[in-house]
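J.: Sequence first, predicted model second:
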Amino acid sequence: MKLYSNDLSPFASRPRMAIYAKDLPVHILPPPGDLKSAEYLAINPMGKIPALVLDDGTVIPESDTIVEYLADAFPASGLRPTKPDEIARGRLIARVAELYVMASGSNLFGQMNPATRDAAVVEEGFTKLDSGLAHLNLFMTQDAYAVGDSVTTADCALVPMLMFVGVFGMVFGKGDPMARHTKVAAYWGRIQKDPAAAKVLGEMQAALKARMAG
């Protein structure tokens with residue numbers, strides 16, 4: 001199997017964390033040419049990353065679907081919890097992270113340049129981001145990981161998204177947006193010590209540094 005990925009993308013980072021954490025036999029490589037190039041569109045007509053290509057040539061796009069596929073394809077990996085209530089909580093955490101945290105901060109991506117920044121848009125973005133983190137905080141526990149004692153699909157969703165929450169706080173001079181959401185903040189402190197999370201975060205941070213320098 002092959003995963004077409006990009007180090008900076010929080011969505012492409014999601015399946016990479018699953019692959020690293022569970023040592024899955026998936027070759028990770030960048031897309032050939034631009035995402036809209038004819039070569040890559042022949043692989044994934046949606047023109048987006050990530051895209052997982054199975055050994056028979058089947059292409060699976062969309063980060064959440066890819067991670068769910070990996071959990072199904074490698075059930076012994078522990079990528080998905082085994083108890084129904086924990087499976088549901090893992091899916092809920094990933095869903096809340098994507099719809100209420102990452103989506104809430106999406107407008108902030110377009111405000112990174114101080115020269116073109118709209119203060120009203122920034123304030124609205126942080127208000128929504130804080131609300132999303134409050135929702136997420138409701139479902140977090142004191143488990144070592146998002147659900148249980150090892151990396152699951154929920155961690156694969158949370159780690160890349162929370163990395164950008166921290167970036168937003170730094171770039172816009174807002175401090176740590178997670179600080180007052182105590183369970184989220186405690187989780188973030190714990191998960192960064194995990195080897196797979198550290199590897200993904202290192203790749204993302206290096207790519208972000210290169211992007212900002214360029």
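T.: Sure, I can see it. Numbers count the residues shown, from 1 in each chain.
J.: Run through the residues that contact Gly166.
T.: By C-beta atoms under 8 Å, 6 or more residues apart in numbering, the contact set of Gly166 is Asp176, Pro177, Met178, Trp188. Heads up, the C-betas are built off the backbone N, CA and C, glycines and all.
J.: Check which residues of the longest helix anywhere in the chain are buried.
T.: Within the chain, and with DSSP state H defining each element, the longest helix by residue count is helix 119-139. Neighbour counts over helix 119-139 (16 or more other C-beta atoms under 10 Å) mark Val122, Gly125, Phe126, Lys128, Leu129, Asp130, Gly132, Leu133, Leu136, Asn137, Phe139 as buried.
J.: and what of stretch 191-203?
T.: Ile191, Asp194, Ala196, Ala197, Val200, Leu201, Glu203.
J.: One more: stretch 102-116?
T.: Met102, Ser104, Gly105, Asn107, Leu108, Gln111.
J.: How about stretch 58-74?
T.: Ile60, Pro61, Glu62, Ser63, Asp64, Ile66, Val67, Glu68, Tyr69, Leu70, Ala71, Phe74.
J.: Which two of those have the greatest separation?
T.: Farthest apart among the buried residues of stretch 58-74 by C-beta to C-beta are Pro61 and Phe74. That separation is 19.2 Å.
J.: Can you give me the distance of the spatially most central residue of the chain to Met170?
T.: What sits nearest the mean C-alpha location of the chain, by C-alpha atoms, centre = their mean, is Pro160, with 3.3 Å. In this view, Pro160 and Met170 are 16 Å apart by C-beta to C-beta, to the nearest Å.
J.: helices or strands up against the helix or strand bottoming out on mean pLDDT in the chain?
T.: Ranked by mean pLDDT, DSSP states H and E, the weakest helix or strand in the chain is helix 106-109, scoring a mean of 85. For helix 106-109, the packing partners by 3 or more C-beta pairs under 8 Å, 6 or more residues apart in numbering; DSSP states H and E come out as helix 119-139.
J.: State the mean pLDDT of the helix it packs on.
T.: Helix 119-139 shows a mean pLDDT of 95.
J.: Show the contacting residues for Leu201.
T.: Val159, Met163, Gln192.
J.: Lys128 too?
T.: So Lys128 contacts Ser104, Gly105 (C-beta under 8 Å, 6+ apart).
J.: what do you get for Leu136?
T.: Applying C-beta under 8 Å, 6+ apart, the residues near Leu136 are Ile93, Val96, Ala97, Tyr100, Val101, His181, Val184.
J.: I'd assumed Leu133 was in contact with the fifth one.
T.: I take that to be Val101. Yes: using C-beta atoms under 8 Å, Val101 makes contact with Leu133 at a distance of 6.1 Å.
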